[in-house]
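**Student:** Based on what follows, work out the 3D shape:
(one chain, ligands or ions: 2)
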Amino acid sequence: MATFHDLDLPKALQKAIDELGFTNPTPIQERAMPVILSGRDMMGIAQTGTGKTFAYLLPILKQWKFANVHVPRVVIVVPTRELVVQVVEEVEKLTAYMSVRTLGVYGGVNINTQKTKVYEGVDILVGTPGRMMDLALDNVVRFDEVKKLVIDEFDEILNLGFRFQITSILSMMKTKRQNILFSATMTDDVDDMLNDFFDFPEEVSLAASGT
Ligand code: ADP
Ligand code: MG
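**Tutor:** Ligands and ions are numbered 1, 2, ... in the order given. As a prediction, the model looks like this:
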């Protein structure tokens, strides 16, 4: 069984993982790593609880390089405010020894407070579809430097009726970038979106019953 040490992670990232007490990558983490590192678009499908958040965070952070840029280079869209908070926490734990500015944005809180934080500079922006769209339409969030777009819980995002917001966000992203999509299930809605907006992402799928 592979350990995190086999993944040849930068020291700062490995130290953070050691402090979390994690020793072995989960199957989705192991399988997503080379695909995401290759730069190809990816659609990852695995049940809840299989470790999908680290499956995209680890390769993104493994490749992390300092850049003198103040607008987000990584955008992560998740369905709910609770998930924004959770993903931000996980990024912060993993980047404890790195210089990465992470910000979570979601509805239900004053948008001006969030605008101020965006203007202060952000490297990894995590948000709900609605608030992400609103901040981008207001030209507060700028997508000019986005190299990676992650849509996590894509099935849930579409189940909650956020197709319009996702489409709108995608239409505002003009840069060449890597798209990384994750879902617990492959639904017709997810499949439709893949066909309409993405160019044959490589599918990494874990059998529900385990192998
Ligand atoms: P999913 O998104 O697939 O539902 P999460 O990414 O939320 O799963 O991870 C589920 C739980 O497993 C979290 O508490 C997370 O911290 C933990 N976890 C993730 N990767 C590992 C690992 N390699 N070893 C041990 N625990 C892990
Ligand atoms: Mg998840």
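**Student:** elements contacting the lengthiest helix in the chain?
**Tutor:** The longest helix of the chain (DSSP state H) is helix 81-94. Where contact means 3 or more C-beta pairs under 8 Å, 6 or more residues apart in numbering; DSSP states H and E, helix 81-94 is packed against helix 11-20, helix 52-62, strand 102-105, strand 124-127. Glycine gets a C-beta too; all of them are placed from N, C-alpha and C.
**Student:** Who are the packing partners of the longest one?
**Tutor:** Read it as helix 52-62. Contacts defined by 3+ C-beta pairs under 8 Å, 6+ apart place helix 52-62 against helix 11-20, helix 27-38, strand 42-45, helix 81-94, strand 148-151, strand 178-183.
**Student:** Ok, which of the ones you listed comes nearest residue 201?
**Tutor:** strand 42-45 (4.3 Å; C-beta to C-beta).
**Student:** Residues touching that closest one, excluding its own?
**Tutor:** 28, 32, 35-36, 52, 55-56, 178-186, 194, 198, 201-206 (C-beta atoms under 8 Å, 6 or more residues apart in numbering).
**Student:** Now that you've got the residues you listed, can you turn the buried subset into something I can paste into PyMOL?
**Tutor:** Of the contacts of strand 42-45, the buried ones go into a single PyMOL selection, burial set by 16 or more other C-beta atoms under 10 Å:
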select buried, resi 28+32+35+36+52+55+56+178+179+180+181+182+183+184+194+198+201+204+206
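**Student:** Also near ligand 1: which of the contacts of strand 42-45, exactly?
**Tutor:** Among the contacts of strand 42-45, the residues within reach of ligand 1 (C-beta under 6 Å from any ligand atom) are residue 52.
**Student:** Spell out which residues of this protein are next to ligand 1.
**Tutor:** Counting by C-beta under 6 Å from any ligand atom, the chain sits next to ligand 1 at 22, 24-26, 29, 46, 48-54.
**Student:** now with 5 Å?
**Tutor:** For the chain, the contact set with ligand 1 under C-beta under 5 Å from any ligand atom comprises 22, 26, 48, 49, 50, 51, 52, 53, 54.
**Student:** Report the buried members of the residues you listed.
**Tutor:** 26, 50, 51, 52, 53, 54.
**Student:** How about the contacts made by the third one?
**Tutor:** For residue 51, the residues meeting the contact criterion (C-beta under 8 Å, 6+ apart) are 25, 26, 28, 29.
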